[in-house]
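In: Fold the following and give me the result.
(2 chains)
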Amino acid sequence: MKKIIFGILVLFCSAALVAQEKNKKIAFEVDGVCEMCKIRIEKAALGVPGVKYALWDIPSHQLSLIVDERKTNPMKIKSALVAVGHDTKELKASQEAYDSVHPCCKYRDGDLEDSEHH
Amino acid sequence: MKLYIAIILTLLFSVPMLSQDKVDGMVMEANSVGKHIGLSGANVYWMNSQIGTVTNEEGLFAIPYSKEYRKLIISFVGFESDTLTINEPKTIHHSLQPSNELDEVVVAQKKEAVKKAYFSAQNVITVNSAELLKAACCNLSESFETNPAIDVNFSDALTGTKQIQMLGLTSPYLLITQENIPMVRGASQAFGLTFTPGTWVESIQITKGAGSVVNGYESISGQINTELVKPLTDKSLFVNGYANRNGRLELNTHFNRKLTDKLSMGFYIHGNRRDAKEDRNDDGFLDAPLANQLNVMNRWQYQNPETGWVSFINFRFLNDEKQVGQVNFNPEKDRFTTNSWGSEINTRRFDSSIKLGYVFPELPFQSVGFQASYSKHKQDSYYGFRAYDIEHESMYSNLIFNSIIGNTRSKFKTGITLAYDGYEEVVNTQDFDRKDNSIGAFFEYSYEDLEKISLTAGVRVDTHNRLGTFITPRLHVRYTPWEKASLRGSFGRGKRAANIFAENQQLFASSRSIQIVDAGGSIYGLDPEDAWNYGVSFLQGFTFLERPGNITFDFYRTDFRNQVVVDWENPRAVFFFNLEGKSFANSFQIELNHEILNNLEFRTAYKYYNVKTDYRSGSLQKPLLAPHRFFANLGYETESKENGAQWRFDYTLHTLGEQRLPNTDVNPPEFRLGEFTKGYSLMNAQVTKVFSKAFEVYVGGENLTNFRQMNPVLSADDPFGANFDTSIVYAPIMGRMFYGGFRFSL
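Out: Down below sits the predicted model:
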């Protein structure tokens, strides 16, 4: 009996793991500095089909998303972010893409303070 | 070492395939029995690249191969990440080891979205509380003195009421809302703005042009929304006292309490009175009314971020008494006699409203809002022998659903509006009772690409027992052609029932006869007003002398398909009739804002109006409207010290060109006013000394050049004669005036 319940539980859990949610909340870090970055990051994320909502928090660098998992996955979104010049944990922007961001958004320099005004 | 094993593993599992330029394979969970359990959702990406993918439900993946990349990283939350060295396209089967450490996932607290006015499709000007403090006195109608979008005019020679205009049209053509619930309308049209004390106002949003369809169909030239202070964010105690040289006293107190984490309550009391009789122009008439107002509001605010519920409940009671007319008028003895001419306007009003909002906790872009209000407004008044009583009972409710189409760049609002207005109106002995009810549905779509384009397109359909069934479309578009620029365009329709007496009460204080040219319409025998508004606006931000500034060009046109024309070109009468022919209002404005020196803000504007209507005597420029107006405002503040101490200085100049006067040619020569007034300038200044965040004192002066209209009351010596008229007022009656006050807060 215990085994059956355990089996069902496992099944249930794995089903939950595989289930593709229509409104899945995900969050990850994206490098950036300012209000301009925020617009660029959110715009790039929303440009990916299946991304419904994107909010990049300047102080924490967290990008919170609500996505339709049937249409997209985090890597697709990260590809779109690096394409506009913003590094993620996994994917890094090409030098060319990074060079295209506004001077005030040069997060790789490290000496720029986070700020909302640019 | 791990890398080494991984490489061996990879080599073991790999089946070389030469003809492909991708790496594919399967990511699995390492387990002791060697079972192949695919890991779904694992990250597979080339180190320092832009290329990555996620494994599918079976754990399978495919990633493009390129010679520049050698290191393939496979990672998944809860497992050790592995880096594989790949030298050629191939198929990989790789197992990840469960890790004891969980990657830390920080879910940041969500901030309230900041409204980006710069990106909004609508031409919205937000007046915040700092700006409101520049006009220290006293109520909403006086809050626009430092803002060029709105013109403040004088409505009559008696009540001292200020009338606002936007795009050359008076306030009945504006939709005036309080927290998005229609507020100043119907019976409260003439004095409603004076019933909101200035300190209660947190901010004002002025939308030029058609506006949104969400709040109804009535707005024609624009919308003014007032946000009141909120119990949760307002000071726990606030006291403001004000006194001026003309004997006006005001007192405002706010009490706010946080009752629980989620529930706050506010109590706001406003009182003002003037009992000093002023007649500086010696015409025997009071320059300003004897007044007495008590205004009390109780607000409840509930907010629960976990469940997503937000709610406001408001109750307000107002009692306002005004006495105007001849200085020696005593209401007890002289009412309805020819002893002396006088008038009393007594208003009682009760307001209540509820707002309920629910934001879906899992879907921050989806929400439901419900607003409902009930108000009862009762005005008992007489102007000489003319009695005017109006009772207006109003109910309004609006249900709004907000969501998105695809993603948050495409949003929509849709909902249903129900409204009821019951009027009991008596002019002398004639009854004008009516009941209006309407139901409507709206849909508003908005799109923004977060950069160059945004658009708001709305439509509503309403069925109204007097206005009929009609469609109200409205469209706003914004385009950013280059940096710091915004080009906006809008058009839209508005329709409304004109409350001819309530809106034109100032005409009662004259010997004019009132004539309604009955056309068999549904409102006083007249038809509803119906107009289209079109506008374009261009905003350009710039940096000059290393300081920011902006310049705006606006052009708006309102075209009336029908208007209830108020024709007072005959000094013996006022005629109300349906427009026959043309009526339009064109307005052009240039506004420049610049910080000329550190902390010295300069704002200037020039406005040109061309407002023409076909009157009985032909097409004429609207009377008492200056086609040319100039505005300038200078504001300076010293750096604020740590405790908030600073000085603030503010100076405003209004210059009005000549204004056309209503025709007085048939009057006897001594009561003819000519065709135009001369232009004039008005100046106001104010100094505020902030001692600390808790206490500040201000002094100021209005009408510093002491410009006055010397004959505001025609035939003041014979108020019961045929030529008596108090409605032709184009300049201040009060001369130079000084005031002072304090603000204390905890």
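In: Show me which residues of chain A are close to chain B?
Out: Residues of chain A lying close to chain B by CB under 8 Å from any CB of the partner chain are A:17-18, A:23, A:25, A:27, A:39, A:42-43, A:46, A:51-55, A:57, A:59-60, A:62, A:64, A:66, A:73-76, A:78-79, A:82-83, A:90-94, A:97. Where C-beta positions appear, they are placed from N, C-alpha and C, glycine not excepted.
In: can you tell me which of these are in strands?
Out: A:Lys25, A:Ala27, A:Val51, A:Lys52, A:Tyr53, A:Ala54, A:Leu55, A:Gln62, A:Ser64, A:Ile66 (DSSP state E).
In: B:Pro473 versus the fifth one, what's the distance?
Out: Counting by CB to CB, to the nearest Å, the gap between A:Tyr53 and B:Pro473 amounts to 29 Å.
In: Would you work out how far apart the start and end of stretch B:215-226 are?
Out: Terminal residues of stretch B:215-226 lie 13 Å apart, using CA to CA, to the nearest Å.
In: now swap in stretch B:68-77 and tell me
Out: Stretch B:68-77 has an end-to-end distance of 27 Å (CA to CA).
In: ok now it, how far from the chain's centre?
Out: Stretch B:68-77 has its C-alpha centroid displaced from the chain centroid by 53 Å (CA atoms, centre = their mean, to the nearest Å).
In: now stretch B:599-615
Out: Distance, centroid of stretch B:599-615 to centroid of chain: 19 Å (CA atoms, centre = their mean).
In: same question, stretch B:60-77
Out: Stretch B:60-77 sits 54 Å away from the centroid of its parent chain (CA atoms, centre = their mean).
In: now swap in stretch B:660-667 and tell me
Out: 36 Å.
In: Please work out which residues outside it touch it.
Out: Residues outside stretch B:660-667 that contact it (CB atoms under 8 Å, 6 or more residues apart in numbering or on different chains): B:568-572, B:617, B:620-625, B:671-677, B:714, B:723, B:728, B:730.
In: Kindly write the ChimeraX command that selects the buried subset of these.
Out: Typed into ChimeraX, the line below selects the buried ones among these, using 16 or more other CB atoms under 10 Å in any protein chain shown:
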select /B:568,569,570,571,620,622,623,624,625,671,673,677,714,723,728,730
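In: who touches the single nearest residue of the stretch 201-350 of chain B relative to chain A in this structure?
Out: For the stretch 201-350 of chain B, the residue closest to chain A is B:Gly308, as judged by CB to the nearest CB, at 14.3 Å. Residues near B:Gly308 by CB under 8 Å, 6+ apart: B:Tyr358, B:Val359, B:Phe360, B:Pro361, B:Ser367.
In: now it: how far from B:Tyr302?
Out: 12 Å.
In: any weak-confidence spans in the chain?
Out: Since no chain was named, I'll use chain A. Within chain A, the ranges that satisfy pLDDT under 70 run A:1-19, A:110-118.
In: The intended chain is chain B.
Out: Chain B contains residues with pLDDT under 70 at B:1-20, B:34, B:100-119, B:136-137.
In: quick one, domains of it?
Out: Annotated domains of chain B cover B:2-96, B:228-745 [automatic domain parsing].
In: could you dump those domains to a markdown table with distance to B:Val152?
Out: Conversion of those to a markdown table gives the following (distance: least, CB to CB, whole Å):
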| stretch | distance to B:Val152 |
| --- | --- |
| domain B:2-96 | 58 |
| domain B:228-745 | 8 |
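In: For the residue nearest to A:Glu42 when sequence neighbours are not counted, give me its contacts.
Out: Excluding the flanking residues, the one nearest A:Glu42 by CB to CB, 6 or more residues apart in numbering or on different chains is A:Ala54, at 4.5 Å. Applying CB under 8 Å, 6+ apart, we find A:Ala54 in contact with A:Ile41, A:Glu42, A:Ala45, A:Leu46, A:Leu63, A:Ser64, A:Leu65, B:Asn407, B:Thr408.
In: give me the beta-bridge partners of A:Ala54?
Out: Beta bridges link A:Ala54 to A:Leu65 when assigned by DSSP bridges.
In: now swap in B:Glu448 and tell me
Out: Bridge pairing for B:Glu448 (DSSP bridges) gives the partners B:Ser454.
In: dump the residue contacts of it.
Out: By CB under 8 Å, 6+ apart, B:Glu448 lies in contact with B:Phe119, B:Ala121, B:Arg409, B:Ser454, B:Leu455.
In: The fourth one: how many residues sit nearby?
Out: Okay, so that is B:Ser454. Other residues lying near B:Ser454 total 23 when counted by other CB atoms under 10 Å in any protein chain shown.
In: Leaving out the residues flanking it, which one is nearest to the residue of the stretch 501-650 of chain B found nearest chain A?
Out: Per CB to the nearest CB, B:Pro548 is where the stretch 501-650 of chain B lies closest to chain A, at 10.9 Å. The shortest distance from B:Pro548 to any non-neighbouring residue, by CB to CB, 6+ apart, is to B:Glu595 (6.1 Å).
In: what about the one you found, which SS state?
Out: Using DSSP: H, G, I helix; E, B strand; the rest coil, the secondary structure recorded for B:Glu595 is strand.
In: Which strand residues bridge it?
Out: On the basis of DSSP bridges, B:Glu595 is bridged to B:Glu601.
In: My guess is B:Gly415 contacts B:Ser403. True?
Out: No: contact criterion CB atoms under 8 Å: B:Gly415 and B:Ser403 do not qualify, at 11.5 Å.
In: For the two, indicate the residue with more neighbours.
Out: Taking other CB under 10 Å, B:Gly415 and B:Ser403 do not tie; B:Gly415 has more neighbours (20 against 17).
In: and the residue nearest to that one when sequence neighbours are not counted, bridged to which residues?
Out: In space, and not counting its chain neighbours, B:Gly415 is closest to B:Ile400: 4.1 Å by CB to CB, 6+ apart. Going by DSSP bridges, B:Ile400 is paired in beta bridges with B:Gly369, B:Gly415.
In: ok, B:Ile400 - contacts?
Out: Neighbouring residues of B:Ile400 by CB under 8 Å, 6+ apart: B:Val214, B:Val368, B:Gly369, B:Phe370, B:Gln371, B:Lys413, B:Thr414, B:Gly415.
In: Report the secondary structure state of the fifth one.
Out: Classification of B:Gln371 by three-state DSSP places it in strand.
In: Burial check on it, number of neighbours?
Out: 23.
In: wouldn't it be in contact with B:Lys355 here?
Out: Yes: using CB under 8 Å, B:Gln371 is in contact with B:Lys355, at 5.1 Å.
In: Now the common contact residues for those two.
Out: Common neighbours of B:Gln371 and B:Lys355 (CB under 8 Å, 6+ apart) are B:Ile181.
In: re the thing from before, most neighbours out of the contacts of B:Ile400, which is it?
Out: Greatest neighbour count in these, by other CB under 10 Å, goes to B:Gln371: 23 neighbours.
In: Around B:Thr55, count how many other residues there are.
Out: Using other CB under 10 Å, B:Thr55 has 24 other residues around it.
In: List the contacts of it.
Out: Here B:Thr55 is in contact with B:Met26, B:Val27, B:Gly38, B:Leu39, B:Ser40, B:Gly41, B:Ala42, B:Val44, B:Phe61 (CB under 8 Å, 6+ apart).
In: One more pass at 10 Å, please.
Out: A:73, A:75, B:25-28, B:38-44, B:61-62, B:74, B:76 (CB atoms under 10 Å, 6 or more residues apart in numbering or on different chains).
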